[in-house]
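Undergrad: Structure, please.
(chains A and B)
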Amino acid sequence: MTIAFYLIAAITIAGALAAVLLRNTVHCALALTVAFAGLAIAFLELDAQFAGFAQILVYIGAVAILVVFAILLTRGSETPKEGVFSKSWLAGMAIAAMIFAVLGWAVLSSTSALPNETARPAVNVLQIGNALMGRYVLPLEIVAVLLTSALIGAVIVARHEKGSAK
Amino acid sequence: MGPITPLQGYLLLAALIFAIGLAGALTRRNAILVLIGIELMLNAANLNLIAFWRYGPHPEALTGMMFAIFSIAVAAAEAAVGLGLVIHIYRFTHTTDIDQMNRMKG
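TA: Coordinates of the predicted model:
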């Protein structure tokens, strides 16, 4: 394991922990952006340049901004006086810790059958474009339909209907 | 148990991020924070896909990378619809506290 991996892991885990644990919701959204950036750097470190930049564009550029908009539209930045954690927070923490224990045990006790530890995959955008237009053209079209319907659905759901709001 | 391989390192990182996201989704009261936790879990799954693609036997087949890219697109659609729903519910109940959203009738 290289120093770069430990730096990326530290940034990403710190961002994720802050996003989950901070009291102010706006601070949580900003910490979430740090976690997304750390994951994008991890993708770049794994030689997946296209996925890394897609992560930056979609998550930091769109999803994080969307979350901030939602927080500001719902006055969610005000910290409630009864606390930010649910009544059943202990059970939730226990479930998450147990799942991490099981996953970590499975990862550490497995022997790697994957031979490709050293060779760096040389993948350029041309190959990705060819794959998207060739072998993966049907999933691409389905994702296009999904994104269109999600866009229309989000607009319909969040639209302010005059007279119907209580 | 010897030193961990790079693949195991990335898988452990993904498992930890998944657990953090799950803890956030299960313990926070604010609906937007629950969605943030779900986004973290989706990202951890993407990291797994990319790590297996990188250290797998046939990275030139692009399977894991394509899976991750489509997963990013689906996650973006999920975030848009989920936050739209939160805003819509807020308009009726004037709260984003999930503990107070205890009825399905509008």
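
Undergrad: after the helix or strand hosting residue A:68, next one along is what?
TA: Taking DSSP states H and E as the definition, residue A:68 sits inside helix A:64-73. Beyond helix A:64-73 in the direction of the C-terminus, DSSP H and E gives the next helix or strand as helix A:89-109.

Undergrad: quick one: contacts of the next helix or strand after that next one?
TA: In the C-terminal direction, the helix or strand that comes right after helix A:89-109 (DSSP H and E) is helix A:125-133. Helix A:125-133 is contacted from outside by A:50, A:140, B:60, B:62, B:65, B:66, using C-beta atoms under 8 Å, 6 or more residues apart in numbering or on different chains. Where C-beta positions appear, they are placed from N, C-alpha and C, glycine not excepted.

Undergrad: Compare the residues you listed and tell me which is most surrounded.
TA: For those, the largest neighbour count, defined by other C-beta atoms under 10 Å in any protein chain shown, is 27 neighbours, found at residue B:65.

Undergrad: and the closest residue to that residue other than its chain neighbours, backbone torsions?
TA: Counting by C-beta to C-beta, 6 or more residues apart in numbering or on different chains, the nearest residue to residue B:65 once its immediate chain neighbours are dropped is residue B:53, at 5.2 Å. The phi/psi pair for residue B:53 (degrees, to the nearest 10) reads phi -60, psi -40.

Undergrad: wait, what's in contact with residue B:53?
TA: Each residue near residue B:53 by C-beta under 8 Å, 6+ apart is listed here: A:46, A:48, A:121, B:59, B:62, B:63, B:64, B:65, B:67, B:68.

Undergrad: could you measure it against residue B:44, distance?
TA: 15 Å (C-beta to C-beta, to the nearest Å).

Undergrad: So residue A:141 lies in a strand, does it not?
TA: No. Assessed with DSSP: H, G, I helix; E, B strand; the rest coil, residue A:141 is helix; it does not lie in a strand.

Undergrad: can you count the residues close to it?
TA: Taking other C-beta under 10 Å as the criterion, the count of residues near residue A:141 is 10.

Undergrad: For burial, what's the neighbour tally of residue A:152?
TA: One way to gauge burial is a neighbour count; for residue A:152, by other C-beta under 10 Å, it gives 10.

Undergrad: re the thing from before, which members of the contacts of helix A:125-133 are the farthest-apart pair?
TA: Using C-beta to C-beta, the two most remote members of the contacts of helix A:125-133 are A:140 and B:60, lying 19.3 Å apart.

Undergrad: circling back to that earlier point, which strands or helices does the helix holding residue A:68 pack on?
TA: helix A:25-45, helix B:31-55, helix B:63-93 (3 or more C-beta pairs under 8 Å, 6 or more residues apart in numbering or on different chains; DSSP states H and E).

Undergrad: Tell me which of the ones you listed approaches residue A:157 most closely.
TA: With C-beta to C-beta, the closest approach to residue A:157 among these belongs to helix B:63-93: 4.2 Å.

Undergrad: thinking again about what came up before, need the winner for burial among the helices and strands packed on helix A:64-73.
TA: With neighbours defined as mean count of other C-beta atoms under 10 Å in any protein chain shown, the helices and strands packed on helix A:64-73 peak in mean count at helix B:31-55, which reaches a mean of 24.

Undergrad: So what angle separates the directions of that one and helix A:89-109?
TA: Between the axis of helix B:31-55 and that of helix A:89-109 there is an angle of 0 degrees, by axes from the mean of the first three to the mean of the last three C-alpha atoms, to 10 degrees.
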